[in-house]
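Visitor: Sequence and predicted structure, then a few things I'm wondering about:
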Number of protein chains: 4
Amino acid sequence: MSKEISAAILGASGYTGAEAVRLLARHPKVHVGPLTANAQAGRALGELFPHLHTYSDRPLVKAEDVDWADVDVAFGCLPHGASQETLLALPSHVRIIDLSADFRFRDVTTYEAVYDRKHIAPQKTADAVYGLTEFARDALKGAPLIACPGCYPTATLLALLPLAQAGLIIADDIIVDAKSGVSGAGRSLKEANLFCEAAEGLHAYSVGNHRHAPEIEQELAFAFGVAVTLNFTPHLVPMVRGELVTCHVKLAQGTSVDDAREALRTRYADEPFVSVAAPGASPDTRWVRGSNLCVISIFADRIPGRAIIVAVIDNITKGSSGQAVQNLNVAMGWDEALGLQLEPLFP
Amino acid sequence: MSKEISAAILGASGYTGAEAVRLLARHPKVHVGPLTANAQAGRALGELFPHLHTYSDRPLVKAEDVDWADVDVAFGCLPHGASQETLLALPSHVRIIDLSADFRFRDVTTYEAVYDRKHIAPQKTADAVYGLTEFARDALKGAPLIACPGCYPTATLLALLPLAQAGLIIADDIIVDAKSGVSGAGRSLKEANLFCEAAEGLHAYSVGNHRHAPEIEQELAFAFGVAVTLNFTPHLVPMVRGELVTCHVKLAQGTSVDDAREALRTRYADEPFVSVAAPGASPDTRWVRGSNLCVISIFADRIPGRAIIVAVIDNITKGSSGQAVQNLNVAMGWDEALGLQLEPLFP
Amino acid sequence: MSKEISAAILGASGYTGAEAVRLLARHPKVHVGPLTANAQAGRALGELFPHLHTYSDRPLVKAEDVDWADVDVAFGCLPHGASQETLLALPSHVRIIDLSADFRFRDVTTYEAVYDRKHIAPQKTADAVYGLTEFARDALKGAPLIACPGCYPTATLLALLPLAQAGLIIADDIIVDAKSGVSGAGRSLKEANLFCEAAEGLHAYSVGNHRHAPEIEQELAFAFGVAVTLNFTPHLVPMVRGELVTCHVKLAQGTSVDDAREALRTRYADEPFVSVAAPGASPDTRWVRGSNLCVISIFADRIPGRAIIVAVIDNITKGSSGQAVQNLNVAMGWDEALGLQLEPLFP
Amino acid sequence: MSKEISAAILGASGYTGAEAVRLLARHPKVHVGPLTANAQAGRALGELFPHLHTYSDRPLVKAEDVDWADVDVAFGCLPHGASQETLLALPSHVRIIDLSADFRFRDVTTYEAVYDRKHIAPQKTADAVYGLTEFARDALKGAPLIACPGCYPTATLLALLPLAQAGLIIADDIIVDAKSGVSGAGRSLKEANLFCEAAEGLHAYSVGNHRHAPEIEQELAFAFGVAVTLNFTPHLVPMVRGELVTCHVKLAQGTSVDDAREALRTRYADEPFVSVAAPGASPDTRWVRGSNLCVISIFADRIPGRAIIVAVIDNITKGSSGQAVQNLNVAMGWDEALGLQLEPLFP
């Protein structure tokens, strides 16, 4: 093995696990190591995901059967709750990049209220870095535990944080009307995820109580310096990948849409994965499918003093496993784009 | 012909024209008369729309070649502008049910500004009834010219008008985040409407300047008694039929979400086509596909004092040709549901 | 209740049960009676199928709790096996229209081999009429037990039976390459039926061993007068409804494609639901969606002496519940189209 | 420019042109040079294809305005006919990799009959190599003009050529029932390609007269050593990318399905992009989406002595631009997988 480090994927039978394998398969410095999936242990990866042809013969193993001595980093692609339990058992030399919600909240009591369960590893939370890469690079370097943001928070925060930090929007009455493809629900067998139930239709879900709302509020509160309560209304769209958030906000007194756009442009000028569209251009999730990109656009509202900010990402890539790889690259001090230099797939 | 009246369809080569034929084919009192389509004149309906098997042999004719003596009513399924021109030429005994935007504005100068063209039949506008059926029955009876609302205004106004009229929501900062299937764009050959451009993706369009915004504002202003400027942000969703509007509003001082739901329930208790979902239920466009139904639901926002109102319709049925047939039924004094008693198609 | 008879739906929580309710809701002579669904008993129909608004408050009940005294006919919308068990328990005055495979085989041993289970009601099989309506009218009149054909057999047999009976095609090397929408798999929770697994892709399934092959062979053998073994290769297509069979056959010596088309036209000239497309026209499942129609077309092959016959149906309507209603109409001696006079839904 | 050679893309405004840019953007030895598109000259690539972010500022130019001095290779992504005209005008030092049909036929008169037009560059045809990479490597090395196969011929020939060459199948009655996503039709504005016309339905097209049939016949005739006439029946499937061919064939006397599978396995054992699935596994186009892979499977037919061979490719990648890049790699003597080492995108 000529690669620099070896990565385990915990929960390789789900979509985010498979996406991590897809991306790491082409990463020049990371060897794809053990793949775990407790219920599917013993089956080959290619049986579950025939598209992952490079590793089709790799067996899935139980997490408890992994020899961690040769593993440098673990991507946690498990559901919340299961993630804590599994990660607690890892030896301390293993860097953890967790995609679950378990370590995203700076205050464990908030986590426990939102996810309605006791947190069993509160001490780890204190060390966790909230890995919205573009806003966390210093903290990410060398971090032992990185909590990757949820998909909706990723898109929403990339759209709003620069404006909140600069005082160009106000903290009141922020309305985030969000839309996601069905892959955000994972590979679990729920009636609502069946083709015949999800195709050719649309509905809002978790209206007023989606768990990503408190996560967004936590981060916006840091940026604004005041507590934030927002409207977050997600919708399930009949497509596989892709997420679009439409943020309806009030501009600060004296701020124009052009001011805000300029602030976004300046903030993201040197970013490899975030860009601001030309005035009037309306980003489509097709612009970023299969890539780690985020594209943002800002529009004037008909209502004076308000603006509409749209951001698109691929929920499985920048919204999950792509950002996880990006965080690994930063944590290791590597070129941030390693393994992620992919043009989106269109049509 | 044993039916009571004969209806012409002007513009039978488009989706709303075809939908009118689909519905009238089963209407017990309306004979499907001349079908016009200038560019396609001479072809049979079945060549353009093989699903319309009952009338597959019917030829399309030029509007100028129709003998209007035997025609009682004309459904105008033409684009705006073309609609005015064609309808102006009809003899006065023909009742007009127009689906275009040409006669929706009570003030011709607003129309001319929004649609960026001179109105050539301003005198007819004065007589036109804005045909949001549930709010226009008295005026519709015997009306010679009915201007059917746009699809987005139909869903939005059904969601908001009762609350605006009752003073339960306020006129400021109304945000309508709307989503539509691709059929709303009609059968015209535009790149954005190609399967490969519209499938598996999502984007906002006409942000801040969609022509349905002034139409909604006009009607809300009547209800509120003050001028209204709203945020209207439509999105194109990869599905054929269906429209969902998510209305983010402020409740009036002292009004609860339960109050508002109760007001909606009371208002629509006797309506054959509009219903209010149970608390917590989130309407899906699949609940109404192919039918004339509208389902509305109201949710509490995380932000105190605000509410989220969702409404779903089939944009081609209740949003276009279905409401047109409903308006005809009212205008004629018939049972309002004639020809429209269809269960939605699911899955 | 002013309707003539009352119908129970056994298995109203599945797609074919829901389709039966959709169609019977508008049937002038049939009252929708008890709706059974053992696992969902106690819930209202509208919770499972919000589109069925006319009966949204109807409770689902256990089959064992039905009072059969007032029920005249039962539509069996249960899986095979479960169907036998449930139907055996019905009193003899209840006419049975079964959509499962349980009574389709004239030889119980074939059924037992194909479905790999013991048949518990072999005596009933002897009385069952194979309900491909267009070829079974005499037998259907007054029949106590009607076994509706599978969806694939329906389309395939409508395409081939007239030619087989007339000796215009030969029994050797019949290749039926079939394609179905995902609803054919029902509402069951299987990974392959998830939106993300079924969208944007295509594969063949049950190649060489699909259970509809022996059923087609049974009926073709009657028509040809010799045993038939055919190639039946189904594919799962990313759409909800619709089924298309492409039958690659050898014409009998001296028979032309025009001869065969003429034979089909003559055979179906007076049929309300089966039609033959114009030469060169290629039927699309969109031509029949939501309706009880079947459209057939025949093409010359590049290989001399061969022909390609394409047939399209909606798998849930003509392929399941629509044909079941049609069979009821015939059994009762009513107009065969009652409750089925629907234009397809397009777009 | 540190890359070894520079490539022009002729016809960069279409899907195959865009796919060539997508792949070459990550090719370590090829610089993306001039991009031509006559009707769109002057616009930036990013306006037409916002997903191609790496080259979003690149202007499209007219082919006649290209300075060919710095260009080493031209990818011809133009329609047939236009391709001949444009390629004829190129200086002789430019290697041509043509994706159109213009140089695929070894006999110009066949081309002229099939495409119903005069060939204006018959002399070039003599030098053209038919670039089904896996069967043309020797001829491809250094070839000045490579005619890439059509998408359907690519999948069909990969499935059948090894068996034809080895005498394991016979040349009679070969039936290729093919299915393609809508992107095969390109980005042109045709009603059949609209979302509302292509979604949620399926039909066969060009039955008996598709232009890829003679191309497949040409190559099979070489393999079999006798002239071949086959049944080729393509269907349009509601998905963007992906192509699946179901080949119904007769095995040679004494050949079993296992023999044939073993022959395919042996033939493709060392191929980087072609693989044979395990017995019983049924390849899905999702297994190869966005990649240059082809997966083949063979099944026993119910009819003794027959077999069913299924092959899947991505029509735009292995079926078009991916194979073109693969051919360039071979022609240059490079590692054949350069620029093509991509895992498929799933879900």
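Guide: Received the coordinates, thanks. Residues are numbered from 1 along each chain as shown, chains lettered A, B, ... in the order given.

Visitor: packing partners for the lowest-mean-pLDDT helix or strand in chain A?
Guide: None of the helices or strands of chain A scores lower by mean pLDDT, DSSP states H and E than helix A:122-127, at a mean of 89. Here helix A:122-127 touches helix A:82-88, helix A:108-115, going by 3 or more C-beta pairs under 8 Å, 6 or more residues apart in numbering or on different chains; DSSP states H and E. C-beta here means a position set from N, CA and C on the backbone, and glycine is covered the same way.

Visitor: so can I have CSV of those showing mean neighbour count and distance to chain C?
Guide: Shown next, in CSV, are the helices and strands packed on helix A:122-127 (neighbours: other C-beta atoms under 10 Å in any protein chain shown; distance: least, C-beta to the nearest C-beta, whole Å):
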stretch, mean neighbour count, distance to chain C
helix A:82-88, 19, 19
helix A:108-115, 16, 24
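
Visitor: Tabulate those (a markdown table), appending distance to D:Ser180 and mean pLDDT.
Guide: Below are these laid out as a markdown table (distance: least, C-beta to C-beta, whole Å; pLDDT from 0 to 100):
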| stretch | distance to D:Ser180 | mean pLDDT |
| --- | --- | --- |
| helix A:82-88 | 41 | 93 |
| helix A:108-115 | 45 | 96 |
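
Visitor: Distance-wise, check the residue in the stretch 1-150 of chain A that chain B sits nearest to relative to A:Val108.
Guide: Per C-beta to the nearest C-beta, A:Val114 is where the stretch 1-150 of chain A lies closest to chain B, at 12.2 Å. In this view, A:Val114 and A:Val108 are 11 Å apart by C-beta to C-beta, to the nearest Å.

Visitor: now swap in A:Arg289 and tell me
Guide: From A:Arg289 to A:Val108 the distance is 36 Å (C-beta to C-beta).

Visitor: number of nearby residues for the residue in the stretch 1-150 of chain A positioned nearest to chain C?
Guide: Residue of the stretch 1-150 of chain A nearest chain C, by C-beta to the nearest C-beta: A:Tyr15 (7.2 Å). Using other C-beta atoms under 10 Å in any protein chain shown, A:Tyr15 is surrounded by 25 other residues.

Visitor: how about it, what does it touch?
Guide: Contacts for A:Tyr15 (C-beta atoms under 8 Å, 6 or more residues apart in numbering or on different chains) come out as A:Ser183, A:Gly186, A:Arg187, A:Ile316, C:Cys196, D:Pro347.

Visitor: surely the last one meets A:Ser183?
Guide: Yes - judged on C-beta atoms under 8 Å, D:Pro347 makes contact with A:Ser183 at a distance of 5.1 Å.

Visitor: Helices along chain A, start to end?
Guide: Here chain A has its helices, by DSSP state H, at A:15-24, A:45-48, A:82-88, A:108-115, A:122-127, A:137-140, A:151-165, A:195-198, A:212-224, A:257-268, A:322-332.

Visitor: any idea which of the ones you listed is most buried?
Guide: helix A:15-24 (a mean of 28; mean count of other C-beta atoms under 10 Å in any protein chain shown).

Visitor: what mean pLDDT does that helix have?
Guide: The average pLDDT within helix A:15-24 is 98.

Visitor: near chain D, which residues of the stretch 51-200 of chain A show up?
Guide: Counting by C-beta under 8 Å from any C-beta of the partner chain, the residues of the stretch 51-200 of chain A close to chain D are A:His51, A:Leu52, A:His53, A:Thr54, A:Ser183, A:Arg187, A:Ala199, A:Glu200.

Visitor: Test my guess that the last one contacts B:Val182.
Guide: It stands for A:Glu200. No - using C-beta under 8 Å, A:Glu200 is not in contact with B:Val182, being 10.8 Å away.

Visitor: overlap in contacts of these two?
Guide: Common neighbours of A:Glu200 and B:Val182, counting by C-beta under 8 Å, 6+ apart, are B:Met239, B:Val240, D:Ala199.

Visitor: separation between the residue nearest to A:Ala227 when sequence neighbours are not counted and B:Cys148?
Guide: Nearest residue to A:Ala227, sequence neighbours excluded (C-beta to C-beta, 6 or more residues apart in numbering or on different chains): A:Ala221, at 5.3 Å. Between A:Ala221 and B:Cys148 the distance is 47 Å, computed by C-beta to C-beta.

Visitor: tell me which parts of chain A are close to chain C?
Guide: A:15, A:182-183, A:187, A:189-191, A:193-200, A:238-240.

Visitor: Could you give me the ChimeraX syntax to select whichever of those are buried?
Guide: Per 16 or more other C-beta atoms under 10 Å in any protein chain shown, the buried members of these correspond to this ChimeraX selection:
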select /A:15,182,183,187,193,194,195,196,197,198,199,200,238,239,240
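
Visitor: Strands - which of the residues of chain A next to chain C land there?
Guide: Under the assignment DSSP state E, the residues of chain A next to chain C contribute nothing to strands.

Visitor: need the helices of chain A in a markdown table with distance to D:Gly81, can you?
Guide: Below are the helices of chain A laid out as a markdown table (distance: least, C-beta to C-beta, whole Å):
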| stretch | distance to D:Gly81 |
| --- | --- |
| helix A:15-24 | 39 |
| helix A:45-48 | 43 |
| helix A:82-88 | 58 |
| helix A:108-115 | 62 |
| helix A:122-127 | 66 |
| helix A:137-140 | 54 |
| helix A:151-165 | 45 |
| helix A:195-198 | 40 |
| helix A:212-224 | 53 |
| helix A:257-268 | 44 |
| helix A:322-332 | 42 |
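
Visitor: Mark out where each domain of chain A begins and ends.
Guide: Domain ranges of chain A: A:5-127, A:152-315, per automatic domain parsing.

Visitor: want to throw those into a markdown table with distance to D:Cys77?
Guide: Formatted as a markdown table, those follow (distance: least, C-beta to C-beta, whole Å):
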| stretch | distance to D:Cys77 |
| --- | --- |
| domain A:5-127 | 25 |
| domain A:152-315 | 20 |
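
Visitor: Could you pull up the residues touching A:Ala252?
Guide: By C-beta under 8 Å, 6+ apart, the neighbours of A:Ala252 are A:Gly167, A:Leu168, A:Ile169, A:Ile170.

Visitor: Distance check, it against chain C.
Guide: Applying C-beta to the nearest C-beta, to the nearest Å, the value for A:Ala252 to chain C is 41 Å.

Visitor: Ok, A:Val310 next?
Guide: Taking C-beta to the nearest C-beta, one finds A:Val310 at 24 Å from chain C.

Visitor: which ones are touching that residue?
Guide: Applying C-beta under 8 Å, 6+ apart, we find A:Val310 in contact with A:159, A:244-247, A:282-283, A:296-299, B:203-204, B:207.
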